[in-house]
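Novice: Pasted the sequence and its predicted model underneath.
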Amino acid sequence: MFKAPSGKPEIKIWDIPTRLFHWLLVLAIFSCWLTMEMRWLDAHLYSGLFVLLLLTYRLIWGVIGARTARFSDFVKWPWRAVRYLIKSFNKHDDYHAGHNPAGGWMVILFLVIILSQVITGLFANDDVGFSGPLADLVIKESSDTATHWHGLIFNILLGLIWIHLVIVFFYVLVKQQNLVKAMISGKKPVFQAGDIGKLFFVSNLRALATLLFAIAIPLLLLW
């Protein structure tokens, strides 16, 4: 077990935009599942477009946002992710301020899968009368194919979510790194924060400009 000292000082790691994205995405995906289960298809469409808004925001924020939000900070060569996992199973930890190399690839995988889910949904139909905002741009067979993949990708997404939850509980219970608390408060214990000398944050005005641009995408699709 990894022992953490009591009364440990903490340092800010995650900015507010990154934390809001994380928790809003959780709610949005749950809303997508619920609205589909209840066959509230109009609400399902808006939930999906909200996911698209969030993804657009995160992709931009991954380039111009705070240090720990940037892809350049946590997307490492795959061999580094493998090396980190090997050390982790040996109960040795290389602490990182943001995502570790393995966690960084999990973030990328989540973004790719969720974006694929959204894109296929834009072209999907239910064979009754409801269709995605871009379904009329393709032939019926292509729309049906998108519908098939839309359902399949969601099952893949559910599997990733369960894996993510298992990893989070492993970190909390075994490695004594409370990732959930950190994503709520934005802070980590200093001794778990890795190279804090490289941390930096950006203006809230930049976050607002990014949000306005991200909002424009689903609005254009509904035009």
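Specialist: Now that the structure is in, tell me what you want to look at. These figures come from a predicted structure and were not determined experimentally.

Novice: Could you use CA atoms for every contact and neighbour count after this?
Specialist: OK.

Novice: and the worst-scoring helix or strand of the chain on mean pLDDT, how far from the chain's centre?
Specialist: Counting by mean pLDDT, DSSP states H and E, the weakest-scoring helix or strand in the chain turns out to be helix 78-89, with a mean of 84. How far helix 78-89 lies from its chain's middle: 21 Å, per Cα atoms, centre = their mean, to the nearest Å.

Novice: Ok, stretch 108-124 next?
Specialist: 12 Å.

Novice: mean confidence for that stretch?
Specialist: Averaging pLDDT along stretch 108-124 gives 97.

Novice: ok, and for it, which residues are buried?
Specialist: Residues of stretch 108-124 classed as buried by neighbour count (16 or more other Cα atoms under 10 Å): 110, 113-124.

Novice: Dump the C-alpha coordinates for it into PDB.
Specialist: Extracted as PDB, the C-alpha positions of stretch 108-124 are listed here (Å, rounded to 0.1, in the frame of the first residue of the first chain):
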ATOM      1  CA  ILE A 108      -7.300  10.200 -26.200                       C
ATOM      2  CA  LEU A 109      -9.200   6.900 -26.500                       C
ATOM      3  CA  PHE A 110     -12.200   8.400 -24.700                       C
ATOM      4  CA  LEU A 111     -12.200  11.400 -27.000                       C
ATOM      5  CA  VAL A 112     -11.900   9.400 -30.200                       C
ATOM      6  CA  ILE A 113     -14.700   7.000 -29.100                       C
ATOM      7  CA  ILE A 114     -17.100   9.700 -28.000                       C
ATOM      8  CA  LEU A 115     -16.400  11.800 -31.100                       C
ATOM      9  CA  SER A 116     -17.100   8.700 -33.200                       C
ATOM     10  CA  GLN A 117     -20.400   8.200 -31.300                       C
ATOM     11  CA  VAL A 118     -21.400  11.800 -31.900                       C
ATOM     12  CA  ILE A 119     -20.500  11.800 -35.600                       C
ATOM     13  CA  THR A 120     -22.400   8.600 -36.300                       C
ATOM     14  CA  GLY A 121     -25.400   9.900 -34.400                       C
ATOM     15  CA  LEU A 122     -25.500  13.000 -36.700                       C
ATOM     16  CA  PHE A 123     -26.200  10.700 -39.700                       C
ATOM     17  CA  ALA A 124     -28.400   8.100 -37.900                       C
END
